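J.: Quick one, fold the following:
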Amino acid sequence: MYRSSPLFLAIVLGLSSASALADTPIQSGPNQPEVEVTASRVSQTVDQSLASVSVITRAEIERSGAQDFTELLRLTPGVDFARTGGPGSATSVFLRGTNSNHVLVLIDGVRVASVGTGGYDFAQLPLDAVERVEIVRGPRASYWGSDAIGGVIQIFTRKLDAAHLAAGIGSYGTSEGSAGYGNWNGAEGFSVQVGARHVRGFSAQNALGYSYNPDDDGLQNHNIAARGAIALGSQTLSGSLLSSESSVDFDNNPGVDEGHSKMRNQSVGINLEGPLAEGWQQRLSFGAERDRLDTPAYFSLFSTRRESLTWQNDFTLSSTQHLVAGLDFVHEHGVSTDTYANVPQYQGTHDNSAVFGGWRAVYGVIDTEISGRYDHNNEFGNAFTGSVAAGWQLSDAARLVGSFGQGFRGPNLNEQFSPGYGGYYAGNPDLRPERSHSAELGLEYRLDTANKLSARIFSTRVNGLIDFSGGSMYQAININRAAIDGLELEHAWHADVWSMTNTATWQDPRNEDNDAQLLRRPKFKLTSLTERSFGERTSAGIELAWSGKSQDVGNTTLGSYALVNLRASYALTPSWKLTARVENLLDRDYALAYGFNTPGRSGFLDIVWQPR
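T.: Numbers count the residues shown, from 1 in each chain. Just a heads-up that it's a prediction; the model follows:
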């Protein structure tokens, strides 16, 4: 772990000297359920959803003072992540113990995972461009198709309605800023924002790493986010864009030139939506994603693209019944190039067409949901996935929910066609898709107006798990089964000026063939967030996070760790706001991946101007 600059001292002083003004309540709480659209592809409150859903709003993002997406996810039950170094380093996210490529990631409804690897690198996501995040835990393949074995994370970009300026500084040579403008009149308008983040960083690896080089490994990121919409009769035509370009350093061997990667991620969405008749809403969506990773030190260039077309129809059959049905088509293409010889190592194309539908009905105190999807892929053939769920309102204060769902994931291009490294870790064109089934049982209970409890137990089995362990050269193969059993607990308390959220996750992610724990996923996780407002202008909070031991490559063990983070915000005027954050206050040593460093005690200060 690397220590920060003295900036954190100034942050601590700012946190401790925040003005204590007249008491007013914090604006969010358990009595104000958020609306989500990801679990069933239609709008419903989190309290109504039969899935396990967490929503992170823009207000929560701003209060946290978090510098990257993973710091937001750290407090979410059932979510773990691993990062190979500091800011900008490759970051993997695991939902309920499943693999990182078992998480379907959407940005404004557009699939954004790399066609080559099947995963999305959250390190390249500019947090200041994010309006809200919806995290659905559990399989949603019956609605969304391939990759949603562990769940879905959908990110919505910002919709500015005025001018916006933000700037920040922090430890490890961090400097960042953004500027934007938006103007909306009802459903019509536009919003555009540009941003940049530069971090000097610290050495990605330590002496335990395989290519340790004791220098600073930094990040340079530039991004643009835009949205727009116009009414066309009864229909609305809208579009969104998020483009992020980064240059990231990584450790190469001592005495060798520093390693660099240049990355570009771009997603574009175009939608035409509106009523076609009474009780019938339609949405025609086109999505395009581009992904490029250039690593000259390895003579490696990955370039992928994806285009998708979806027609979704929502039918309100009655006040108690709702039907959603649609068609999906996705085209994917990827090329891996040896830049030394300037020849393709491999290239491949996937075409997938699907039909899906879901029916939701309410019968008094019983909610029911049935959904199904049929996919046809030119590489791995046909797949049907279905799910059923029910909720029983036991009383005004308690609800019991249960569900069963299937999932699948088709092999990505690397797993199918990669030549590997000297023949090692090569792909396998004969791989079959991974299939899964999951069951979940939950209880939601409101003790009183201030306290809410929820508990969910879940069990997942993944058949045909793809793993690079075949033969003496570790070719990609399908192994028998992976199993994950777990329990999630969450408690929310809100009273006057105080707010507290506590979570506990227990999970047992394992390879059932040899009972080995799946890598970089701890069995236990505890988090707590306590916030207090001091009048209309000031708030402060403390985050506590504890993670248990986990396994890593080479039969190594990552130790348990506990982190304490502080946050505070102060409204200088109605238009100017100051946010401060201290991470790893106790300067604990910990590892998210063996041989790779994590930040020490560090501080960050941001100022935002947005006319009210």
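J.: remind me which residues of the stretch 451-600 of the chain are low pLDDT?
T.: Within the stretch 451-600 of the chain, no range satisfies pLDDT under 70.
J.: which residues in the stretch 401-550 of the chain form helices?
T.: With DSSP state H, counting those that start in this stretch, the ranges of helices along the stretch 401-550 of the chain come out as 413-417.
J.: Go ahead and list the helix or strand containing the one residue sitting closest to the centre of the chain.
T.: By CA atoms, centre = their mean, the mean C-alpha position of the chain lies nearest to Ile153, the distance being 4.7 Å. In this assignment (DSSP states H and E), Ile153 forms part of strand 151-157.
J.: Which strands border the helix or strand following that strand, and is each parallel or antiparallel?
T.: Using DSSP H and E, the next helix or strand after strand 151-157 towards the C-terminus is strand 163-170. Sheet pairing of strand 163-170 (DSSP bridges) gives strand 174-185 (antiparallel), strand 602-609 (antiparallel).
J.: what mean pLDDT does the next helix or strand after the first one have?
T.: The one in question is strand 174-185. Next in sequence after strand 174-185, counting helices and strands by DSSP H and E, comes strand 188-202. Across strand 188-202, the average pLDDT comes to 97.
J.: is Glu434 in a bridge, and if so with what?
T.: Arg409.
J.: Give the full set of residues in contact with it.
T.: Applying CB atoms under 8 Å, 6 or more residues apart in numbering to Glu434 gives the contacts His102, Ile149, Phe408, Arg409, Val462, Asn463, Gly464, Leu465, Ile466, Asn478. For the C-beta atoms, the positions are set from N, CA and C on the backbone; glycine is no exception.
J.: likewise Gly559?
T.: Gly559 touches Lys549, Tyr590, Ala591, counting by CB under 8 Å, 6+ apart.
J.: coming back round to it: wait, which of the strands paired with strand 163-170 is closest to Asn265?
T.: Relative to Asn265, the nearest member of the strands paired with strand 163-170 by CB to CB is strand 174-185, separated by 17.2 Å.
J.: Gln205 versus Gly372, what's the distance?
T.: Counting by CB to CB, to the nearest Å, the separation of Gly372 from Gln205 is 47 Å.
J.: Look at those two and report which has more neighbours.
T.: Gln205 (22 against 18; other CB atoms under 10 Å).
J.: I'd assumed Asp216 was in contact with that one.
T.: No. Taking contacts as CB atoms under 8 Å, Gln205 lies outside contact range of Asp216: 12.0 Å.
J.: Spatially nearest residue to Glu34, not counting backbone neighbours?
T.: In space, Glu34 comes closest to Val55 once its chain neighbours are excluded; the distance is 4.0 Å by CB to CB, 6 or more residues apart in numbering.
J.: isn't the one you found right up against Ile153?
T.: No. Taking contacts as CB under 8 Å, Val55 lies outside contact range of Ile153: 11.3 Å.
J.: Need the residues touching each of the two.
T.: Val133, Glu134, Ile135.
J.: Could you list the buried residues of the one helix or strand the second one maps to?
T.: Read it as Glu134. Assigned by DSSP H and E, Glu134 belongs to strand 130-137. Residues Val130, Glu131, Arg132, Val133, Glu134, Ile135, Val136, Arg137 are the ones in strand 130-137 that count as buried (16 or more other CB atoms under 10 Å).
J.: Can you redo those as CSV, where the extra columns are pLDDT and distance to Ser246?
T.: CSV is the format used below for these (pLDDT from 0 to 100; distance: CB to CB, whole Å):
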residue, pLDDT, distance to Ser246
Val130, 97, 16
Glu131, 96, 21
Arg132, 96, 23
Val133, 97, 20
Glu134, 97, 25
Ile135, 97, 24
Val136, 97, 27
Arg137, 97, 28
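J.: just these now: which is nearest Gly119?
T.: Ile135 (16.1 Å).
J.: Skipping its backbone neighbours, what lies nearest the closest one in space?
T.: Leaving aside its sequence neighbours, Ile135 sits nearest to Ser54 (CB to CB, 6+ apart; 4.5 Å).
J.: and that neighbour, how many neighbours?
T.: Neighbours of Ser54 using other CB under 10 Å come to 21.
J.: Equivalent analysis for Ala141, please.
T.: With other CB under 10 Å as criterion, Ala141 counts 29.
J.: For stretch 186-196, give me every contacting residue.
T.: Contacts for stretch 186-196 (CB under 8 Å, 6+ apart): 126, 128-129, 158-161, 164, 176-184, 220-231, 236.
J.: Give the PyMOL command for selecting the buried subset of these.
T.: Those of the contacts of stretch 186-196 that count as buried under 16+ other CB under 10 Å are selected in PyMOL with:
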select buried, resi 126+128+129+158+159+160+164+176+177+178+180+182+184+221+223+224+225+226+227+228+229+236
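J.: rewinding a little: what about the residue nearest to the centre of the chain, distance to Gly173?
T.: If you measure Ile153 against Gly173 using CB to CB, the figure is 29 Å.
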